[in-house]
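1. Here is my input; please provide its structure:
(7 chains)
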Amino acid sequence: MKLRPLNDRIIVKRIEASRTTASGIVIPDTASEKPVQGEVIAVGPGKTLDNGNLRVPAVKAGDRVLFSTYAGQTVKLDGEEYLVVREDEVLAIIEAAADLKKAA
Amino acid sequence: MKLRPLNDRIIVKRIEASRTTASGIVIPDTASEKPVQGEVIAVGPGKTLDNGNLRVPAVKAGDRVLFSTYAGQTVKLDGEEYLVVREDEVLAIIEAAADLKKAA
Amino acid sequence: MKLRPLNDRIIVKRIEASRTTASGIVIPDTASEKPVQGEVIAVGPGKTLDNGNLRVPAVKAGDRVLFSTYAGQTVKLDGEEYLVVREDEVLAIIEAAADLKKAA
Amino acid sequence: MKLRPLNDRIIVKRIEASRTTASGIVIPDTASEKPVQGEVIAVGPGKTLDNGNLRVPAVKAGDRVLFSTYAGQTVKLDGEEYLVVREDEVLAIIEAAADLKKAA
Amino acid sequence: MKLRPLNDRIIVKRIEASRTTASGIVIPDTASEKPVQGEVIAVGPGKTLDNGNLRVPAVKAGDRVLFSTYAGQTVKLDGEEYLVVREDEVLAIIEAAADLKKAA
Amino acid sequence: MKLRPLNDRIIVKRIEASRTTASGIVIPDTASEKPVQGEVIAVGPGKTLDNGNLRVPAVKAGDRVLFSTYAGQTVKLDGEEYLVVREDEVLAIIEAAADLKKAA
Amino acid sequence: MKLRPLNDRIIVKRIEASRTTASGIVIPDTASEKPVQGEVIAVGPGKTLDNGNLRVPAVKAGDRVLFSTYAGQTVKLDGEEYLVVREDEVLAIIEAAADLKKAA
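-> Down below sits the predicted model:
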């Protein structure tokens, strides 16, 4: 069983970034806007442009991506929680495992 | 008697997702935004693009789909309640029977 | 004497849906948003697209249609009350006489 | 002396619809939104589309038209009051003299 | 010295319409929205459409035009006050000298 | 060292217009919206249209231009203050040195 | 490990401009809107236009750029803080090392 996103939508599994500083202190979440990273699970076929062509998404399943906190909608499937975002809400692809911390 | 949707509209029959956890506890609905799943009953011919072409919908009757709670408008026909949504409000197609739970 | 709508506008005569349940109890109107059905009286030539072509409406005079309550503007002509809506405000065509009830 | 409207603008002379019922009772104006009818005095050359072509208006001088109350701007010329509306604010052409009453 | 407007902008010199009635009574200005007339002093080359072509303005220097009060921006040059409006804010060209009065 | 604006942006050096009347009285600034003039220092390559072509700006370095007070953003470089505006925020080119006064 | 921006997004490393005046006085930050400069770290492939073509960004990695304070979103990667902006939020490229001061 799986989710097949439509148009330019992308299914993402959130990855909780390490919130521990170099000295080992855990930083609590703040209520401010915080970018988030995740792994791409599934990618829609892309957005149909005004001329009828399809813009194929630049991300693919398995990519680690950076997006904004308020992007997308959270859904649960088989007990797992996913995020459905539009491709344009993805800020960047993270090209190697990283200790990405949310900005204060 | 049936509803024939226009343009990029889709008629959906809501499927109440199981709200019972693995341990058998029933989770009450919350007032927060909750994605919803349903079965597609009828699909419009598609949206007319600016160049005059039609964008044929990617969903078809019988598909099980995921959409947002606030998407569309509820109508009753012959005692049955349906939801009329635009195709772009469909987040994803669920490709097998699933125990999709609404995110808390 | 008749109304000839312009562009993608449609003249509709409202049909009060039966508000009586199977057991004969009359359900009073609520103040909430309620879809409405009607019969199409006249149809404009269609919307001019950005490329100059016309998108011919998918509804025709005599069709029974479903639309939203807040769609359009009410006008009176020769003592009869009509609704003027844009074609995109029509949700669906009802393909046979139906006991369409407004959703609670 | 006359007004030559630009683009898709239209000059309309309002026609006060009969506000007397069949039984002779005069209905006072309400503060609610009220469609209005008028006679077209002059028509602009039309709207320039994104592809550079002109969309010629579907109304012509002499037509009796139906429009919304809040459409357009009122101007006075030589003691006469006119309304300047965009063609898309015209709801319909009234094809014969009519006892059009404003909806309650 | 002169102002050369860019794009679809137009330089207008306001003409105070006669505010005296036929019987000689002067009507004071009201605070309500009031259309205004003026003489066109200079016209920009026109608006560049999405396809790269230019839409040449329909007004020319010397035309007497009707526009809305809140249209444009007032500038002073060499002690003279001008109005800079976009062509689409011009409602109509007044084809002969007129006793245009602002609507109450 | 210099600023090279992107797209349809323009770098302007403000010119304080004479605020002294013919009789020598200095008029203080008001808080109301006031157009402003300046000299163009640098011009971007232009805006990319939807069809992929570039719309080359109509202003060039050295032009004296008129713009609105609230247009653009102020920056300081090497102690000099500049304004970065979009070309469409320029109202007009002033074709000779002028005693442009801000409208009251 | 690095961030690969999507579409027309750009990764920027902020450069704190000198806030010391010629006479050595340090100017404190104000709460008002303040343009900011930075070095471009990575550039997306560009924005897909409506006709399906790509608009390649005019900035490249290593460029020193000027942007608005409220542009973009701040992210942290490996302890470094970056800004993700859209190319159109970049005001100008600074062509040599400069003592760019934020406007008061």
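
2. who touches residue A:83 in this structure?
-> A:11, A:12, A:13, A:14, A:38, A:67, A:71, A:72, A:73, A:74, A:75 (C-beta atoms under 8 Å, 6 or more residues apart in numbering or on different chains). (Each C-beta comes from the backbone N, C-alpha and C, glycine too.)

3. what does residue A:6 give?
-> Listed by C-beta under 8 Å, 6+ apart, the contact set of residue A:6 reads A:44, A:45, B:58, B:59, B:87, B:88, B:90, B:91, B:92, B:93.

4. In strands, which of the residues you listed fall?
-> Using DSSP state E, B:90, B:91, B:92, B:93 are the members of these that sit in strands.

5. Return the member of these nearest to chain D.
-> Chain D lies nearest to residue B:90 out of the ones in strands among the contacts of residue A:6, by C-beta to the nearest C-beta, at 29.3 Å.

6. from memory residue A:67 sits against residue A:93, does it?
-> No - judged on C-beta atoms under 8 Å, residue A:67 makes no contact with residue A:93 at a distance of 10.7 Å.

7. Could you pull out the strands in chain A for me?
-> Under DSSP E, chain A gives strands at A:3-5, A:9-15, A:36-43, A:47-48, A:54-55, A:64-67, A:73-77, A:80-86, A:90-94, A:100-101.

8. now for those strands, which one comes closest to residue G:3?
-> Among the strands of chain A, the nearest to residue G:3 by C-beta to C-beta is strand A:90-94 (4.2 Å).

9. and the closest one, does that touch chain G?
-> Yes - counting by C-beta under 8 Å from any C-beta of the partner chain, chain G is contacted by strand A:90-94 at A:90, A:91, A:92, A:93, A:94.

10. Okay, now the unreliable bits of chain A?
-> For chain A, the stretches with pLDDT under 70 are A:1, A:17-35, A:97-104.

11. ok, now which ones touch the residue in chain A positioned nearest to chain D?
-> Residue of chain A nearest chain D, by C-beta to the nearest C-beta: residue A:50 (10.5 Å). Residues in contact with residue A:50 (C-beta under 8 Å, 6+ apart) are B:49, B:50, B:51, G:50.

12. about what we covered before: and the strands of chain A: which comes nearest residue F:3?
-> Nearest to residue F:3, of all the strands of chain A, is strand A:90-94, at 26.8 Å by C-beta to C-beta.

13. State which one residue of chain A is found closest to chain F.
-> The nearest approach of chain A to chain F comes at residue A:50, 8.4 Å away (C-beta to the nearest C-beta).

14. Residue A:5 contacts residue B:95, correct?
-> No - counting by C-beta under 8 Å, residue A:5 does not reach residue B:95; the two are 11.1 Å apart.

15. between those two, who's got more neighbours?
-> Neighbours per residue (other C-beta atoms under 10 Å in any protein chain shown) separate residue A:5 from residue B:95, with residue A:5 holding more: 26 against 13.

16. For that one, give its distance to chain E.
-> 31 Å (C-beta to the nearest C-beta, to the nearest Å).

17. Could you find the closest non-adjacent residue to that residue?
-> residue A:44 (3.9 Å; C-beta to C-beta, 6 or more residues apart in numbering or on different chains).

18. With residue A:58 instead?
-> Leaving aside its chain neighbours, residue A:58 sits nearest to residue G:6 (5.3 Å; criterion: C-beta to C-beta, 6+ apart).

19. Just list whatever residues bridge to residue A:92.
-> residue A:66, residue G:5 (DSSP bridges).

20. Could I get the contacting residues of it?
-> So residue A:92 contacts A:65, A:66, G:3, G:4, G:5, G:6, G:9, G:11, G:42, G:44, G:84 (C-beta under 8 Å, 6+ apart).

21. and what of residue A:52?
-> Residue A:52 touches B:49, B:51, B:53, B:55, counting by C-beta under 8 Å, 6+ apart.

22. can we see that at 6 Å?
-> Neighbouring residues of residue A:52 by C-beta atoms under 6 Å, 6 or more residues apart in numbering or on different chains: B:49, B:51, B:53.

23. Which member of these is positioned nearest chain C?
-> residue B:51 (5.7 Å).

24. burial count for that closest one?
-> 13.

25. how near is residue A:78 to residue F:53?
-> From residue A:78 across to residue F:53, the span is 50 Å (C-beta to C-beta, to the nearest Å).

26. Give the residue from those two that has the larger number of neighbours.
-> Each of residue A:78 and residue F:53 has its neighbours counted (other C-beta under 10 Å); residue F:53 has more, 14 against 10.

27. dump the residue contacts of the more buried one.
-> Counting by C-beta under 6 Å, 6+ apart, residue F:53 has contacts residue E:52.
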